[in-house]
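Peer 1: this one's structure only:
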Ligand SMILES: Nc1ncnc2c1ncn2[C@@H]1O[C@H](COP(=O)(O)OP(=O)(O)O)[C@@H](O)[C@H]1O
Ligand SMILES: Nc1ncnc2c1ncn2[C@@H]1O[C@H](COP(=O)(O)OP(=O)(O)O)[C@@H](O)[C@H]1O
Ligand SMILES: [Mg+2]
Ligand SMILES: [Mg+2]
Ligand SMILES: [Mg+2]
Ligand SMILES: [Mg+2]
């Protein structure tokens, strides 16, 4: 295992300490329980938007805390959902009197831990709503299963809902918007290499020199199938087809597109991926209105990419363009 | 070789095409000769700031083209300096009547190719100045050698000089400021893994599972020495010592600090690195006024980091804070 | 002879030891169809629970279980945290105020605990989760008592049923939890949560083998 | 018999072929102390030059060399581009207007070319660069002519001196170019640029072996 770390068991707290030192004007970090929160919290009269999940997906979620995005983020151990006390304490610190919106990725652990936190908070009289992101088309959706994983759409939802909260949306309207975002986002990812969880010390899965894994999640979970390495354009086709046919996206749709690095894939390759995504959208009459290209929701140092398309409307686009000032996403201010 | 590419020989043009499709409001891409330039070029009355170098260091330089930073960037083949015709044509397109400032990294190839372009341009009556970045303390400096490589300070110089040009600095003042930035920046890098040049298809160097390379450049060049892998905090000490003692940086100095990923090192690790950098600076009374943490000057997918410190003053800090709007760096607008 | 506070603590201690021993094993099982953290999470959680127990002056058995449940909720994370947290919190509810547990007390406590896990996670038998070990273990325990088996014998049958249930998860296609994202590819692997459940119930059978 | 346009084109063609053949070899040499691109760059450059030559209706030998020089400048990049570009541009300057080259013409042209490289790159003998092959080759060629050697013999001695110069770079510590950043660690490796220079001069000796 080759990583720039000290003790594998201290990766999360030391990284959080680095974040706190790096962005004192934007965020603060609370330890034990761990959460990252806006330096200017609480914002009176604003719905507090909080999220969280296992660590190892940086910049998500802590890098998205700040004006126009999250009020707090709760990082669990690497690839492990956070515990209810984190969300409970974070919510109490950032709550501005207008309720709490939780953005939760659809993993059994995340759902249960956020549910327990919501129960605790509701028990103390807080208003809590949650938005569940389950956008990963690599997972067959079925009423009788866990449903889909939450992946790329989470980043877009955090931006859009954070902007809406900043603009004064009340909790109900925010939750409805959130569900609309969740319903209109689709994502699929692939890996060229596995990642290595620090305290495990060896790769989660083994891939041959000429193999790739299609349909992976963001936790080093094996994907849907494994096949011989292909040129980028064919890989993009393999990811785009299930995304496009699932919603389905149609000619005339206006989308926000994210081409995401799983952590180890550099920008020069992401642009090659984006080139093909844009060509496919163009051919189908789908308009990419905005894009994000870079490492936003990663799996440690895994090489690979995920593509997210979110079907938008004027409201979502306006919220997308709203200023944001966080460690990892910043524009308009 | 596991990369998201098509034909290894088309990596650069396809990636540029992706960039052009991704950021039509910010940049345009000219092919044959290849250069990226501001969508709103030429800016009348403004010194045109141009840079360039081999590809494989993305987002540098093309990702830094836009308001408040570069007017044009000339990407060569992967790790190969661009050719004079690229800088010559780019300069002619973005020239706004106030002269051309070239930001050149100190590699024999870059220097010669930029020199040839400058000669051509001067021959046609253009005013041309250049700023040479040679900040890599891993290289012993000597009058009888090539001197030091240009690395991390390049990013900081492009930001600061781009802002100064935007604020109306004339060519002479800009060149003087550029030299001041160059003199006050120091950088050192290390690798956990090699990178693989696409058309070569295998790693440039081999590193054992328990080895690291200290003092590498940004082209997969072997470093100054190889040694057993160490904890992050010790690695940071090994990089910081030569940086701090070289200028030297002293108590009371105010610096901009960049903790850079070589491409394959994720953010969670960079914050662990930054944590130690900040601790060391604190101990020595050096104030980190601003920071950049992320992949800014990479070596393809290499895992590793480089640390850059730039000693600043009020003028540089004001210019640093000036709005910038490029694909890879954006704030204030 | 019913279970004392001491016997309960001995079981929990043994759970902690067994989960530490099997940390890498559980993590490897989780790597195959999940995210390679189940062993590390359970080990971290039980260590935290044991630390809290050391300083706990427990008025009753219920508060011991409640302390363990709270510790697991706050330190395990993932799916395992809320599920095992609920398991022990429910054991705590049913044993509140008690200084001793009879075989019947244990039947009721275990029933509440297993039902708590099912309520929290919504998994059914055959979904390839810890429920596939827990539910058969509960049924076997209850059936054994009904058959007139001794406490020790009932615990042993319960652990054996958990083991069988754990092994039965191997061919299953997961319907809940992280492994469900794999679809058909989840078949052929033993569920990590069912495995940790077996280890915990097996620890009970072993620790309490000399109770009766 | 002096060199004709055809002989010059034949040399360049052979250079292109030899550089293609040695592409990976040169790249490997560059990987050891540089950035693993010298072979690829030279191959790309000479292919581009050959493409331009195909359609060139050259009025003189000078314009052939000039075309090659321009092509190299615009397509090789790195250090090799300006240096070899200058080399061929200078050959072009000295052979402008000529339809044939005598042994003496070649001496003057080569001298201008080598001096051009030195002026552009500021390398001295012993800096572990292409100059360590080029300069001895130039000297050997001039000395051979002075000794009354034939053109073919002079070319052969020039190529042999380039080879020796190339090998002499192995123990050197680089003072110029990318290898210089390695300091002492650059010793023990043969310089890629000196190697390509030797290949180019060796190609001349071979192509023109039947000239006289
Ligand atoms: N909904 C559920 N109901 C019951 N058990 C579940 C459920 N989801 C997951 N599990 C159990 O949790 C185990 C995984 O636990 P763990 O690895 O700690 O959590 P995570 O999957 O969040 O990483 C699975 O092997 C399974 O037995
Ligand atoms: N200043 C210089 N003068 C002469 N030759 C040089 C100089 N710098 C580099 N070289 C030669 O260039 C060769 C490397 O060329 P190449 O790999 O094409 O360029 P780069 O180093 O930019 O990648 C070196 O092996 C050396 O022979
Ligand atoms: Mg987990
Ligand atoms: Mg090069
Ligand atoms: Mg797990
Ligand atoms: Mg080279």
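Peer 2: Right, received. Where do you want to start? Quick caveat, the model's predicted, so the values are computed rather than measured. Ligands and ions are numbered 1, 2, ... in the order given.
Peer 1: list the contacts for the most far-flung residue of chain C relative to its centre?
Peer 2: Relative to the centre of chain C, the most outlying C-alpha is that of residue C:184, 26.6 Å out, by CA atoms, centre = their mean. Residues near residue C:184 by CB atoms under 8 Å, 6 or more residues apart in numbering or on different chains: residue C:173. Bear in mind the C-beta positions are built from the backbone N, C-alpha and C, glycine included.
Peer 1: Mind doing that once more with 10 Å?
Peer 2: A:140, A:224, C:173-174 (CB atoms under 10 Å, 6 or more residues apart in numbering or on different chains).
Peer 1: ditto for residue C:144
Peer 2: By CB under 10 Å, 6+ apart, the neighbours of residue C:144 are C:103, C:107, C:150-151, C:153-158, C:161.
Peer 1: tell me which element it falls in.
Peer 2: Here residue C:144 sits within helix C:131-146, counting by DSSP states H and E.
Peer 1: In that helix, which residues are buried?
Peer 2: Of the residues in helix C:131-146, those buried by neighbour count under the rule 16 or more other CB atoms under 10 Å in any protein chain shown are C:131-142, C:144-145.
Peer 1: Excluding chain neighbours, what is closest to residue A:175?
Peer 2: Counting by CB to CB, 6 or more residues apart in numbering or on different chains, residue A:129 is the residue found nearest to residue A:175 once chain neighbours are left out, at 3.9 Å.
Peer 1: Tell me, how many residues neighbour the residue in chain C that ligand 2 sits nearest to?
Peer 2: Relative to ligand 2, the nearest point of chain C is residue C:36 (41.7 Å; CB to the nearest ligand atom). Look at residue C:36: counted by other CB atoms under 10 Å in any protein chain shown, it has 29 neighbours.
Peer 1: Most neighbours of all the contacts of residue C:184, which one?
Peer 2: The contacts of residue C:184, ranked by neighbours (other CB under 10 Å): first place residue C:174, 27 neighbours.
Peer 1: ok, now which ones touch residue 162?
Peer 2: Using chain A here. Residue A:162 touches A:47, A:49, A:51, A:64-71, A:101, A:103, A:174, A:319, A:322, A:324, A:326, A:329, counting by CB under 10 Å, 6+ apart.
Peer 1: To clarify, I was referring to chain C.
Peer 2: Applying CB under 10 Å, 6+ apart, the residues near residue C:162 are C:130, C:132-138, C:140-141, C:194-195, C:197-202, C:204-205.
Peer 1: what about the strand or helix carrying it and ligand 1, any contact?
Peer 2: Residue C:162 is located in helix C:151-168, with elements delineated by DSSP H and E. No - residues of helix C:151-168 contacting ligand 1 under CB under 6 Å from any ligand atom: none, with a closest distance of 9.7 Å.
Peer 1: starting at the chain centroid, how far to that helix?
Peer 2: Helix C:151-168 sits 12 Å away from the centroid of its parent chain (CA atoms, centre = their mean, to the nearest Å).
Peer 1: Could you look up the next helix or strand downstream of that helix?
Peer 2: helix C:192-207.
Peer 1: and the gap between the residue farthest from the centre of chain C and chain D?
Peer 2: Noted for residue C:184: a distance of 44 Å to chain D, by CB to the nearest CB, to the nearest Å.
Peer 1: Please tell me how far that residue sits from residue A:225.
Peer 2: 10 Å (CB to CB, to the nearest Å).
Peer 1: Could you tell me the end-to-end distance of stretch A:27-34?
Peer 2: 13 Å (CA to CA, to the nearest Å).
Peer 1: And chain C, is that stretch touching that?
Peer 2: Yes - judged by CB under 10 Å from any CB of the partner chain, stretch A:27-34 comes into contact with chain C through A:32-33.
Peer 1: Can you tell me the element the residue in the stretch 201-333 of chain A that ligand 4 sits nearest to falls in?
Peer 2: The stretch 201-333 of chain A approaches ligand 4 most closely through residue A:268 (15.9 Å), counting by CB to the ion. Element membership of residue A:268, judged by DSSP H and E, is helix A:267-284.
Peer 1: So for that helix, what gets flagged as buried?
Peer 2: A:267-281, A:284.
Peer 1: Residue 38: neighbouring residues, count only.
Peer 2: Went with chain A since none was named. Residue A:38: 24 surrounding residues under other CB under 10 Å.
Peer 1: Actually, chain C is the one I wanted.
Peer 2: Count around residue C:38 with other CB under 10 Å applied: 30.
Peer 1: Do I have it right that it meets residue C:197?
Peer 2: No - counting by CB atoms under 10 Å, residue C:38 sits too far from residue C:197 to count as a contact (11.1 Å).
Peer 1: Common neighbours of these two, please.
Peer 2: Joint contacts of residue C:38 and residue C:197 (CB under 10 Å, 6+ apart) are residue C:191.
Peer 1: Rounded mean pLDDT for stretch A:62-77, please.
Peer 2: Averaging pLDDT along stretch A:62-77 gives 98.
Peer 1: actually stretch A:223-235, not the one I wrote
Peer 2: 93.
Peer 1: mind listing what residue A:215 touches?
Peer 2: Counting by CB under 10 Å, 6+ apart, residue A:215 touches A:136-139, A:188-191, A:221-226, A:238-239, A:242, C:181-183, C:185.
Peer 1: any low-confidence regions in chain A?
Peer 2: A:141-144 (pLDDT under 70).
Peer 1: and the helix-or-strand element of chain C with minimal mean pLDDT, anywhere near ligand 1?
Peer 2: In chain C, no helix or strand scores lower on mean pLDDT, DSSP states H and E than helix C:23-33, which sits at a mean of 93. Yes - with CB under 6 Å from any ligand atom as the criterion, ligand 1 is reached by helix C:23-33 at residue C:30.
Peer 1: Which strands or helices does that helix pack on?
Peer 2: For helix C:23-33, the packing partners by 3 or more CB pairs under 10 Å, 6 or more residues apart in numbering or on different chains; DSSP states H and E come out as helix C:38-54, helix C:192-207.
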